[in-house]
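**Q** quick one: sequence plus predicted model below, questions after.
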Amino acid sequence: MVEQCDLNDEQKNAVKYFDGPMMVLAGAGSGKTRMLVAKISHLLGVQNVGPYKILALTFSNKAAHEMRERVARLCGINGHALAVTTFHSFCARLLRTEFEFLGLSKNFSIYDEDESKVIVKSILSKYGISPKEISPYDVLSYIDDLKNKGVYTGRENVEALGIDLDDPFLKYFYEYEHELHRSNALDFGGLITSVLCLLERHPHILKRLRGRYEFILVDEYQDTNKAQFELLRLLADEHNKICVVGDEDQSIYSWRGADINNILDFEKHFKNVKIVKLEQNYRSSAHIINAASAVIANNVLRKGKQLWTENSEGEKITIAELETEKDEANFVMKAIGRLRVSDQEKYNDFAIFYRNNFQSRPFEDVLRQNNIPYRIVGGIKFYDRKEIKDVLGYLRLIVNVQDSLALSRIINVPTRGIGATTLRKLEDLASQLNISLWAGIGKLLEGNEDFGIRLTPKIRLALKNFNSFLSECIYLYDKNVAPKILFEKVIHESGYLDELRAMRDYESAARIENIEELGRAIEEFQAANTGATLADFIESITLDTTQMKDSDNHLGEISLMTVHGAKGLEFPFVFVVGAEEGIFPSSKSMEAGQNSIEEERRLFYVAMTRAMKKLHITFVRGRFLWGQLKFNGPSRFLFEIPKDSASWPNNKAKISSDELETRETQGSFDDYDFSQKVDHERYIINESKTALKYEGKFQKGNRVIHSVYGKGKVLETEGFGAEEKVLIIFPDGAKKKFLVKFAPIMIDQN
């Protein structure tokens, strides 16, 4: 049993109170999990409450398992007897026993996003709508939003939930639900809404649940959505012995449905609420806590806590300004090396946080080049990401047409209708003739013999277009066209970017950013290595990756992750990178208004409070974003950090990463010079002599001639100058998009 001396006074108050609803506002690093474990243990031991009377809900299986195991160890009971689980697991288990009331069978399926997308595409197809007209991801996002708000088929007064009855997507929601029901299936959001429906329509089931679960505890309450709140309200309404634990200052998941109003308005829905604030931080040094508290105090949407700590004052936060992303990465690497030498720290004591996934690339590059072990937490290493491997598959094939593995990877990426059956036939042909897969496709398309392979006209046309496109790329490579030009041709003319853009979802947007970052890596390599070829670039990243495999890992690995992925973690040394306007806070939040800025500030607060001993925050003067060099200036959040908690090296003199490594000159936020000149030449990328200069001249309707595909007609144009693209339709019906600056097309004068 947890001894009372292990808890501070406020934690003890939270543990012992059972007379009504209670909200525990638990600041970062304030020991909320210890308190929750102690409270459950107190119920089981001191209060002698049966395990079946307690329901504890959280958001991840890992957190539920940890809490269940800790309680079981303390109380000497079987952990499986405890209802400590996630919202979705609780609902799934309930529905498996009450399935008949919803017209389901016990073995109903739970569909994931891919399976849900198949249903949505089928519904859109029924209306004659292509994925390019309405993205299935837009429909799925709409459906998810409805379910987060608690909407289910047959629910009355949905207007009160903020639903527009005239929204044309609403019919897709009801058809989607009908198709799920017909398949005896639910999706993840439907697990919650189906239980709401069950309890609203069958009061006897609700009465039985209320009788069983007298005590309800909820962890990470700030992450709940409206549907989850409604479920809690229904279950707790009789006994009112509900304890929610959360921190409004760490509410960072609105983009996936979390509603901060659940915690802000808790007292409006439950009467006589006892509020306990856990404000003592056990994790971080005083400088870090004081700085983080000062930043978050600028938010309006909060209940009001003031973190404090008995830990030592510690080192001041270092805020470092660098010229470029490369300087930023080098500064972080050298700072880690300096700290390891002086303090004998292991690599796994260090973490690098960034706002967006694509920002990891410069840090991964410099760590690989210096043979320093690292891991991507909650994600995939940059060069292991699917979209990067796909694009590199094209580039590898251009360099080496005999690379059949690369060809197999990208022959139907993006989707061309060349499925696994056709690919298997082509591979069998190549094996039979003892030639490469690429040569086998060429043989088949020559048409001299069919080799026993029957292709539909559609598949033959797809193979022909694929073959022609790659032949162009290979021709340009043989003519020593610059690597960046070949990269641009691949991503624009293969259809890969178009397919991602059509999806219009969060994940696809992140993939596009990663592809743009790959282009930046190629551009940097090209600028640093005069005359370098595409083969040279591919070799450089391959050798870097191979080198890492031999690294001695006994010191652990540096952790790289997004700030969202860092929530719940802690590290002695933390580097928050890219603290610039438009990055952190993000440009989208800056356009969306004050509430979005407040969520970005909460995210910044989460990043700061992960650090235990030392916090570094970095920003750069100029950063390439979406193909353009941006000079955004430091994040507004940096100016909210108290002067006496941070060291901001004097920015008025140009300071290199080497100088920053050895000096800690104290500067003033008030004296920050936004007008200083930036060394633009450090950013200039020398264009290859092979790059074609082009002034736009194509218009919609122009008749054109392509040197490979023949005559065609321009259907669409977009962009201008070096970014001009044209969509051309050819006599056989094929439509192809070209980046004009290097496409072999001309106006048809006949």
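**A** Perfect, I can see it now. Here the structure is a predicted model, which means the values were calculated and not measured. Numbering: from 1, shown residues only.

**Q** with adjacent residues omitted, what lies nearest to Tyr142?
**A** Phe169 (4.6 Å; Cβ to Cβ, 6 or more residues apart in numbering). For the C-beta atoms, the positions are set from N, CA and C on the backbone; glycine is no exception.

**Q** distance of that neighbour from Asp144?
**A** To Asp144, Phe169 is 12 Å away according to Cβ to Cβ, to the nearest Å.

**Q** what's the answer for Glu718, then?
**A** In terms of Cβ to Cβ, Glu718 sits 31 Å off from Asp144.

**Q** Asp732 too?
**A** Distance from Asp732 to Asp144, by Cβ to Cβ: 41 Å.

**Q** could you do Arg375 as well?
**A** Taking Cβ to Cβ, one finds Arg375 at 30 Å from Asp144.

**Q** before we move on, what about Ser30?
**A** Taking Cβ to Cβ, one finds Ser30 at 32 Å from Asp144.

**Q** got any ranges where the stretch 601-750 of the chain has weak pLDDT?
**A** Scanning the stretch 601-750 of the chain for pLDDT under 70 picks out the ranges 626-627, 649-696, 720-723, 742.

**Q** can you rerun that using 80?
**A** Along the stretch 601-750 of the chain, segments meeting pLDDT under 80 span 624-629, 649-697, 707-709, 719-724, 732-735, 739, 741-744, 750.

**Q** strands of that one, residue ranges please.
**A** For the stretch 601-750 of the chain, the strands defined by DSSP state E, counting those that start in this stretch occupy 611-620, 623-625, 628-630, 646-647, 703-706, 710-718, 725-729, 735-739, 745-747.

**Q** just the C-alphas of the first one, formatted as PDB.
**A** The one in question is strand 611-620. Extracted C-alpha coordinates of strand 611-620, given in PDB (Å, rounded to 0.1, in the frame of the first residue of the first chain):
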ATOM      1  CA  ALA A 611      13.300  18.700 -19.900                       C
ATOM      2  CA  MET A 612      14.700  17.800 -16.500                       C
ATOM      3  CA  LYS A 613      18.200  19.400 -16.300                       C
ATOM      4  CA  LYS A 614      18.900  21.500 -19.300                       C
ATOM      5  CA  LEU A 615      16.700  23.000 -22.100                       C
ATOM      6  CA  HIS A 616      18.000  24.400 -25.400                       C
ATOM      7  CA  ILE A 617      15.700  26.200 -27.800                       C
ATOM      8  CA  THR A 618      16.900  27.000 -31.300                       C
ATOM      9  CA  PHE A 619      15.700  29.000 -34.300                       C
ATOM     10  CA  VAL A 620      17.300  29.900 -37.600                       C
END
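
**Q** direction included, what does that strand pair up with?
**A** strand 317-322 (parallel), strand 571-576 (parallel) (DSSP bridges).

**Q** output these in JSON lines; the columns should cover distance to Ile134.
**A** Listed next are the strands paired with strand 611-620 as JSON lines, based on distance: least, Cβ to Cβ, whole Å:
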{"stretch": "strand 317-322", "distance to Ile134": "44"}
{"stretch": "strand 571-576", "distance to Ile134": "39"}
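
**Q** of the ones you listed, which is nearest Met612?
**A** strand 571-576 (4.7 Å; Cβ to Cβ).

**Q** just the buried residues of the helix or strand following the closest one, please?
**A** Sequence order places helix 587-592 as the next helix or strand after strand 571-576, per DSSP states H and E. Going by neighbour count (16 or more other Cβ atoms under 10 Å), the buried part of helix 587-592 is Ser589.

**Q** likewise stretch 489-505?
**A** 489-498, 500, 502-503, 505.

**Q** pull the most distant pair out of the residues you listed.
**A** Once Cβ to Cβ is applied, those give Lys489 and Asp505 as the farthest pair, at 26.0 Å.

**Q** could you dump the strands paired with strand 611-620 into JSON lines with mean neighbour count and mean pLDDT added?
**A** Formatted as JSON lines, those follow (neighbours: other Cβ atoms under 10 Å; pLDDT from 0 to 100):
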{"stretch": "strand 317-322", "mean neighbour count": "24", "mean pLDDT": "94"}
{"stretch": "strand 571-576", "mean neighbour count": "24", "mean pLDDT": "97"}
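
**Q** out of those strands, nearest to Glu364?
**A** strand 571-576 (13.8 Å).

**Q** mind exporting the closest one as CSV, just the C-alpha atoms?
**A** Extracted in CSV, the C-alpha atoms of strand 571-576 (Å, rounded to 0.1, in the frame of the first residue of the first chain):
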residue,chain,number,x,y,z
PHE,A,571,14.6,13.6,-20.7
PRO,A,572,17.5,15.2,-18.8
PHE,A,573,18.5,17.2,-21.8
VAL,A,574,16.0,18.5,-24.4
PHE,A,575,16.5,20.5,-27.6
VAL,A,576,13.4,22.3,-29.0
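
**Q** contacts made by it with the rest, please.
**A** Residues outside strand 571-576 that contact it (Cβ atoms under 8 Å, 6 or more residues apart in numbering): 332, 335-336, 339, 345, 349-353, 559, 563, 584, 604, 607-608, 610-618.

**Q** also stretch 436-454?
**A** With Cβ under 8 Å, 6+ apart, stretch 436-454 has contacts from 397, 401-402, 404, 407-408, 425-427, 429-430, 432-433, 435, 455, 460, 463-464, 466-467, 470.

**Q** and the residues you listed, which of them are in helices?
**A** 397, 404, 407-408, 425-427, 429-430, 432-433, 460, 463-464, 466-467, 470 (DSSP state H).

**Q** mark which of the residues you listed are buried, thanks.
**A** 397, 404, 407-408, 425-426, 429-430, 463, 466, 470.

**Q** among the residues you listed, find the lowest-pLDDT one for me.
**A** By pLDDT, Ser404 ranks lowest within these, coming in at 81.

**Q** ok now do that one, which residues does it touch?
**A** 427, 430, 436-438.

**Q** which pair in those residues spans the largest distance?
**A** Farthest apart among those - using Cβ to Cβ - are Glu427 and Trp438, which lie 11.5 Å from each other.

**Q** pLDDT at the closest residue in space to Lys241 that isn't next to it in sequence, what is it?
**A** The shortest distance from Lys241 to any non-neighbouring residue, by Cβ to Cβ, 6+ apart, is to Phe215 (5.0 Å). Note on Phe215: pLDDT of 94.

**Q** now do the phi/psi pair for Phe215.
**A** Phe215 has phi and psi values of phi -120, psi 120 when expressed as degrees, to the nearest 10.
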